[in-house]
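Novice: Here's my sequence, what's the structure:
(2 chains)
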Amino acid sequence: MNLLDFITRLLAATLAMGTSLTYATLGEVYTEKTGILNLGMEGTMLMGALAGFATAFNTGNLLLALIMAMLVGALLSLIHAFLCITMRANQVVAGLAITMFGTGLANFLGQRLGPATNNFNLTGMNIANKFSNIAIPGLSDIPIIGALFDVSLLTYALYIILPFSWFFMYKTKYGMVVRAVGENPRTAAAMGISVTKIRYLYTLIGGMFAGLGGACLSLSFIPSWNEGMTGGKGWIVIALVIFSTWNPGRVIIGTLVFGGITSLQFSLQAAGLKMVIPSQFLGFSPYLITLVVLTAMTIINQKKKGSFASPSALGVSFAIDDK
Amino acid sequence: MRLALEKRDYRSTRMTVLVPIVSLLISFLLGAVVLAISNVNPLQTYGAMLKGAFGSQTKIQYTIAKTIPLLLCGLAVGIAFRLKFWNIGAEGQYVAGVIGITWVMQFWTFLPNMLLLPVGMLIGVLCGAFWGGIPGALKAQWSVDETLTTLMMNYIIIGYAEYLYINAWKAPRGNMGTVRYPEFAWLPRIWGRVHSGIYFALILVVILWFVLYKTRWGFELNMIGKNRRAAQCQGVSIKRNIILAMLVSGGIAGLAGVIDSAAVTHQLTKGVNSGYGFTGIIIAWMSGLNPFVSIVVALIMAALETGSDALQLMKLPAAMGEVMQGLILIPLLAGSIFTEYKLVTHTSHKEATV
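Specialist: Below is the predicted model of the structure:
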């Protein structure tokens, strides 16, 4: 295999791997931008993966599967929003509760929604339809870049969603409201913005994206359901948000780098090359890199007020009458 | 007339006791709803879980053996939470502890047999403390967000542990897992499955209760958690206390790993990231950071785990235990507001609170 081929394949694998991460990260960026930290991503993604697969299995309708995944994601984050915003619960613990509950419920439902012949288990079941890659004739034959034009509909959609998200956040009135609520809720409230409403809305949107990210996992490549199939991707998402410095436009950089690291292991193995670095080291490198980047960003921010800062009100509950 | 929340002048003691108990009942009710909707008989399932956790002497022993690491993890998390340091890295600190003791068991063979276990335990605890100390130091020195650092560090050490038991420290036979610890270095059992680790856990409960409620250091930790600025004005060093608390917290989580591997698994292998560290967060939170209450909560959590193992044998969905563990927190989190706020009714057109 020549190098050009190898890179093209690596990019294709990266895009496939990164799609799910990108959706969920984008969702979490939206949520955190309004000042709500949702550590429930892992559970929400898993519920999305389950809802998507179970719907596709029972109805065969992929569009309905995506809608169900988003709905379930929104419902789970509604619990988070209720706990954190209305009941002013600790956001860290609430997020963990969502992850534990979501993970448990997804695994539980996976043992209930399957066919009776398989003891109601969904694991090991196949579905007829899936989001397969669609090649654009001509464009997909170009070396390297061609990989961008031989992806699934879920990835093509991102080509529109990502630039739009950046534009929305930094160039529209609505985006400004979001940022105001996350940076200084008191001022935002004084301007007549309903902090509660905005926070609810974007927590729900974040959950929808996470559900979609989960469905990407169970409805493309080899569509399937496995217990705990997100395998910690929801935590990588939390890391990627930091890596993107809370800017929707930069989300793609992180997902490409981390998606690339993950696919590199497989691509090298497939190419029959001996790994220099043990695969487990590649496995935890995203977390290590995030740890270093986070520390560096925090230090730089203290030295001079940079643009790396997290939304000021992140993780802080807000009530007008608080002293 | 509309409902509104009003801040209480003092934390309500009645609510502090009442809310967790009511929450527990609500979560079991919600769990029953989940079961009923998915066509499983709730009474039969809960009955099977109860029997699976406490149905026979062996089962009680299994449940108690599971309570030990859970209790220790709950205590570990609780110390950090006391000064509002959100340590969600107990899972990683636990794994660090197991790596530490395994290292000694594998390579410190020059030690006399008698010393292997105590030295191994000590090194394991130090490894846990070290892994907890890093995020503590980062927070103290540069205020790097601890939620994110402790979370990241979990996955770093879990990946490293995997590397050790699959590659570097793999036993010659089999495809994963280290060589088992020599039998003379196991923590002895005292009653069937129940091992002597229980002494460590219970003694630690008493020590921590004394330290946290009766000593100056405990008072300082509380003060930092409640009002950081007031603590600073009193001359309490916040930096020093954060690092110290995280060393202790990480050390105790490490001890949980050390005890479980020296008494139960006897090796470093797949499944070392058992989730005990995460469950410890539920335990700490439900117990209101009280060491004695933690014993009860840890027992409930352990019973949920052993109870759902029993479900698997009866072809009932075993994931119900996981559902319950997550579900228990949700009403509790929602209800906690009533310890600090009270519900009042406004009859006039007063500005409503959000």
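Novice: buried set for the helix or strand harbouring residue B:26?
Specialist: When elements are assigned from DSSP states H and E, residue B:26 belongs to helix B:13-37. Buried residues in helix B:13-37, defined by neighbour count with 16 or more other C-beta atoms under 10 Å in any protein chain shown: B:15, B:19, B:20, B:23, B:24, B:26, B:27, B:30, B:31, B:32, B:34, B:35. C-beta here means a position set from N, CA and C on the backbone, and glycine is covered the same way.
Novice: check contacts around residue B:179.
Specialist: Residue B:179 makes contact with B:106, B:171, B:172, B:267, according to C-beta atoms under 8 Å, 6 or more residues apart in numbering or on different chains.
Novice: what about the helix holding residue B:26, distance to the chain center?
Specialist: From the chain centre to the centre of helix B:13-37 is a distance of 20 Å (C-alpha atoms, centre = their mean, to the nearest Å).
Novice: ditto for stretch B:221-240
Specialist: Computed by C-alpha atoms, centre = their mean, the separation of stretch B:221-240 from the middle of its chain amounts to 25 Å.
Novice: same thing with stretch B:45-60?
Specialist: Average the C-alpha atoms of stretch B:45-60, do the same for its chain, and the two points are 22 Å apart (C-alpha atoms, centre = their mean).
Novice: Mind checking if it is in reach of chain A?
Specialist: No: among the residues of stretch B:45-60, none lie within reach of chain A under C-beta under 8 Å from any C-beta of the partner chain; the closest is 10.8 Å away.
Novice: Now that stretch: buried residues?
Specialist: By neighbour count on 16+ other C-beta under 10 Å, the buried set for stretch B:45-60 is B:45, B:46, B:48, B:49, B:52, B:53, B:54, B:55, B:59, B:60.
Novice: would you turn the residues you listed into a markdown table with secondary structure and pLDDT?
Specialist: Supplementary listing: the buried residues of stretch B:45-60 in a markdown table, determined by DSSP: H, G, I helix; E, B strand; the rest coil; pLDDT from 0 to 100:
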| residue | secondary structure | pLDDT |
| --- | --- | --- |
| B:45 | helix | 90 |
| B:46 | helix | 91 |
| B:48 | helix | 91 |
| B:49 | helix | 91 |
| B:52 | helix | 91 |
| B:53 | helix | 93 |
| B:54 | helix | 94 |
| B:55 | coil | 92 |
| B:59 | helix | 94 |
| B:60 | helix | 96 |
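Novice: before we move on, the earlier item: for the buried residues of helix B:13-37, name the two members farthest from one another.
Specialist: Between all members of the buried residues of helix B:13-37, the longest pairwise span (C-beta to C-beta) is found for B:15 and B:35 and amounts to 29.4 Å.
Novice: Restricted to helices, list the contacts of residue B:179.
Specialist: Among the contacts of residue B:179, the subset assigned to helices under DSSP state H consists of residue B:106.
Novice: now the strands for the chain?
Specialist: Just going to use chain A. A:134-135, A:150-151 (DSSP state E).
Novice: Wait, chain B was what I had in mind.
Specialist: In chain order, chain B shows strands spanning B:2-7, B:189-191, B:194-195, B:341-346, with DSSP E as the criterion.
Novice: Off-centre distance for the second one?
Specialist: Counting by C-alpha atoms, centre = their mean, strand B:189-191 is centred 23 Å from the centre of its parent chain.
Novice: partners of it, with directions?
Specialist: Next to strand B:189-191 in the sheet, as set by DSSP bridges, lie strand B:194-195 (antiparallel).
Novice: same check, this time on the first one
Specialist: Sheet partners assigned to strand B:2-7 using DSSP bridges are listed as strand B:341-346 (antiparallel).
Novice: The partner strand to helix B:13-37, inter-axis angle?
Specialist: 90 degrees (axes from the mean of the first three to the mean of the last three C-alpha atoms, to 10 degrees).
Novice: Output strand B:341-346 as PDB - backbone C-alpha positions only.
Specialist: This file holds the C-alpha atoms of strand B:341-346, laid out as PDB (Å, rounded to 0.1, in the frame of the first residue of the first chain):
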ATOM      1  CA  TYR B 341     -34.500  26.700  51.200                       C
ATOM      2  CA  LYS B 342     -38.100  26.500  52.300                       C
ATOM      3  CA  LEU B 343     -41.200  26.600  50.200                       C
ATOM      4  CA  VAL B 344     -43.400  29.600  50.900                       C
ATOM      5  CA  THR B 345     -46.600  30.800  49.400                       C
ATOM      6  CA  HIS B 346     -47.000  34.400  48.300                       C
END
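Novice: Can you give the distance from that strand to the centre of its chain?
Specialist: Its chain's average C-alpha position is 34 Å from that of strand B:341-346, according to C-alpha atoms, centre = their mean.
Novice: Which positions in it come out as buried?
Specialist: Buried residues in strand B:341-346, counting neighbours by 16+ other C-beta under 10 Å, are found at residue B:341.
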